[in-house]
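Peer 1: Sequence first, then the predicted structure:
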Amino acid sequence: MEKNEKVTVDVLDIGQDGEGIGRISVGPDAGFTVFVKDTVPGDQAEVLLVKVKKRFAYGRLIRVIHPSSDRQEAACPMARQCGGCQLQAMKPEAQAAMKMKKVTDDLERIGGFEDAASLVRPIRVPEKLYRYRNKTIYPIAEGKDGRPTAGFFAGRTHSVIPCEDCLLAPEENKIIRHEVLGWMEDHHIRAFDERTGKGLVRHLMIRKGFATGEILVCLVINGHKIPAQDDLVQRLRQVPGMTGITYSSNTERTNVVLTGNTEVLWGRGYVTDILRPPLDGTEVMYHISPRSFYQVNHDMTERLYQEVLEDAGLTGQETVMDLYCGIGTISLFLARKAERVIGVEIVPEAVRDARQNAELNGIGNAEFFAGRAEEVVPRLYRERRIHADVVVVDPPRKGCDRTLLDTIIRMNPEKAVYVSCDPATLARDLRILADGGFQVKKVQPYENFFGTVHVETVCLLSQRKPDTTIEVDLDISELEVSSAETKATYEEIKSYVLEKFGLKVSNLYIAQVKRECGIVERINYNLPKTEGNRVPQCPEDKRKAIKDAFIHFQMI
Ligand code: SAH
């Protein structure tokens, strides 16, 4: 078997990047594994081998011999070349099933959750399969004909595939793209060339507020000044919904699109949008700057936030941390239902947006900290003794930093809600949280990125009950500890014991040792409520650890 040989492949599975994984059907090499982009599980395909390794080969699809029942005609004519979408040739139901399987498999294999299948709920699917993205970034390049063009990178390369009308993006993008390219041509403005570092225009970014219809354009340039500025503004301000025309300088050799500040050429430097979770009855309005993160699928995000709110189950008494909070999107909904919300976010512009958004919506109980969650949260917890009852995390694809997860485990909140855009890092992090005492209650995937391999997931975790299996109805009031200060002391003792001895102790155990040491007088904690209930007694190692904490806190 050699390169450039033609083979017949039965496609059986799908890989991380949406490529088909199959086996050669017949002949001496039957059964040999071949990876073939643009095929769908169930296809039988004629394939040209482009790279042959010892145990597998890569092939290019020549033609589909027998199409899979999961196959559909890709809606976008550019689907095969463009690296943006990987699954356009797969029916929506098959895409959804594949993503659910990915979440389940990762939980099982990476997270070691044997009960993964029962944890994962049926994926929530959108009404709108196309034109759902509110943000598009087009790299600009010199086309084959020497004229500037805009499109998307082909898979795994940096060659730009021109794309006149991306079917995931709003219709207005087509006009904006056309006007920007026209302005470049008319004024002989060159596209940036990654290899030489020459040329001016690097990227065109367009953001639309789906609820408001507002549009913001940001041109990323390899320089500090926009030539023929008036003409650019003139062309773009005609576009219906245009509210801001901006640019940002990026003269660095980097793949990062936006590296610096944004300058406003016309209108405003942000776009406004509104989110209304369907059952919640409240709405929040947001200002979104070009560099700030904002979920791309507006309609699905409303449903997803609805779930986060339900999972958080707030009563108005809680302190909630929203980590990786972006412009405060989740934080501000939580703030309406909690006593206090603390948001942490690394991008300073996003934090500025978040603070303004709190003001814009008349929300006074949300504070935002700029910095790495893994640095800010341990500081807040250790130095300022801030404890969260509920923690929400929504990290980027690489997941949460270990230091942050350890701090969350120590902080011991009642509940944690993990919003993830990468099932593999989600599974890794859930394992750490589960080993630290949390129980994974449910995992809900969302089809927020139809046409692509990506999937969003919301996961609810709660504190596991104390180690003894006997359950007693016990709440803090029964322990005669109603004031916030005393409750904090319980939390402090718990964290101290966990940090120093690596042991998790319950309120019940602390109360038992307190009584033993004569700290609490009137107490009825160990009176069985009904016949037959037995109360677990604090084990010796934990008793010693709690006593040590009492000494540390000068309680005895
Ligand atoms: N919760 C927000 C944003 C989620 S996206 C929303 O739903 O809109 C992830 C966010 O994490 C981004 O805003 C990114 O800038 C931020 N981020 C990335 N690394 C971080 C870190 N180490 N600490 C805090 N925030 C981080």
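Peer 2: In hand now; what should we look at? Just so it is clear, the structure is predicted and the values come from calculations on it, not from any experiment. Residues are numbered from 1 along each chain as shown.
Peer 1: A strand includes Gly22, no?
Peer 2: Yes: applying DSSP: H, G, I helix; E, B strand; the rest coil, one finds Gly22 inside a strand.
Peer 1: ok, what's across the strand from it?
Peer 2: Taking DSSP bridges as the rule, Gly22 bridges to Val11, Val34.
Peer 1: Could you give the number of residues near it?
Peer 2: Neighbour count of Gly22, defined by other Cβ atoms under 10 Å: 26. Quick note: C-beta positions are derived from backbone N, CA and C, even for glycine.
Peer 1: if I look at it, how far off is the ligand?
Peer 2: Going from Gly22 to the ligand by Cβ to the nearest ligand atom, to the nearest Å gives 35 Å.
Peer 1: go on, Ile14?
Peer 2: Ile14 sits at a distance of 26 Å from the ligand (criterion: Cβ to the nearest ligand atom).
Peer 1: How about the backbone phi and psi for that residue?
Peer 2: Main-chain torsions, Ile14, degrees, to the nearest 10: phi -130, psi 140.
Peer 1: I'd guessed it sits against Val36; true?
Peer 2: No: assessed by Cβ atoms under 8 Å, Ile14 is found out of contact with Val36, at 10.6 Å.
Peer 1: so what's in contact with the two at the same time?
Peer 2: Overlap of the contact sets of Ile14 and Val36 (by Cβ atoms under 8 Å, 6 or more residues apart in numbering) consists of 20-21.
Peer 1: Look at those two and report which has more neighbours.
Peer 2: Taking other Cβ under 10 Å, Ile14 and Val36 do not tie; Val36 has more neighbours (26 against 23).
Peer 1: Could you pull up the residues touching the more buried one?
Peer 2: Taking Cβ under 8 Å, 6+ apart as the criterion, Val36 is in contact with 9, 11, 19-22, 45, 47, 58-61.
Peer 1: Kindly report the same for Ala57.
Peer 2: Shown in contact with Ala57 (Cβ under 8 Å, 6+ apart): 1, 32-35, 49-51.
Peer 1: now, among those residues, which is nearest to the ligand?
Peer 2: The closest of the contacts of Ala57 to the ligand turns out to be Phe35 (Cβ to the nearest ligand atom; 30.6 Å).
Peer 1: Does the closest one touch Gly15 like I think?
Peer 2: Yes: with contacts defined as Cβ under 8 Å, Phe35 counts as touching Gly15 at a distance of 6.4 Å.
Peer 1: gap between the two ends of stretch 121-130?
Peer 2: 24 Å (Cα to Cα, to the nearest Å).
Peer 1: and if you look at stretch 291-304?
Peer 2: Criterion Cα to Cα; first-to-last residue distance in stretch 291-304 is 22 Å.
Peer 1: rewinding a little: in terms of neighbours, single out the busier of Phe35 and Gly15.
Peer 2: Neighbours were counted for Phe35 and for Gly15 using other Cβ under 10 Å; Phe35 has more, 20 against 13.
Peer 1: Pull the contacting residues for that one.
Peer 2: Residues in contact with Phe35 (Cβ under 8 Å, 6+ apart) are 15, 19-21, 56-59.
Peer 1: Just the buried ones from these?
Peer 2: Buried members of those, scored by 16 or more other Cβ atoms under 10 Å, are 19-21, 57-59.
Peer 1: can you put those residues in JSON lines and add pLDDT?
Peer 2: Formatted as JSON lines, the buried ones among the contacts of Phe35 follow (pLDDT from 0 to 100):
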{"residue": "Glu19", "pLDDT": "95"}
{"residue": "Gly20", "pLDDT": "96"}
{"residue": "Ile21", "pLDDT": "97"}
{"residue": "Ala57", "pLDDT": "97"}
{"residue": "Tyr58", "pLDDT": "97"}
{"residue": "Gly59", "pLDDT": "97"}
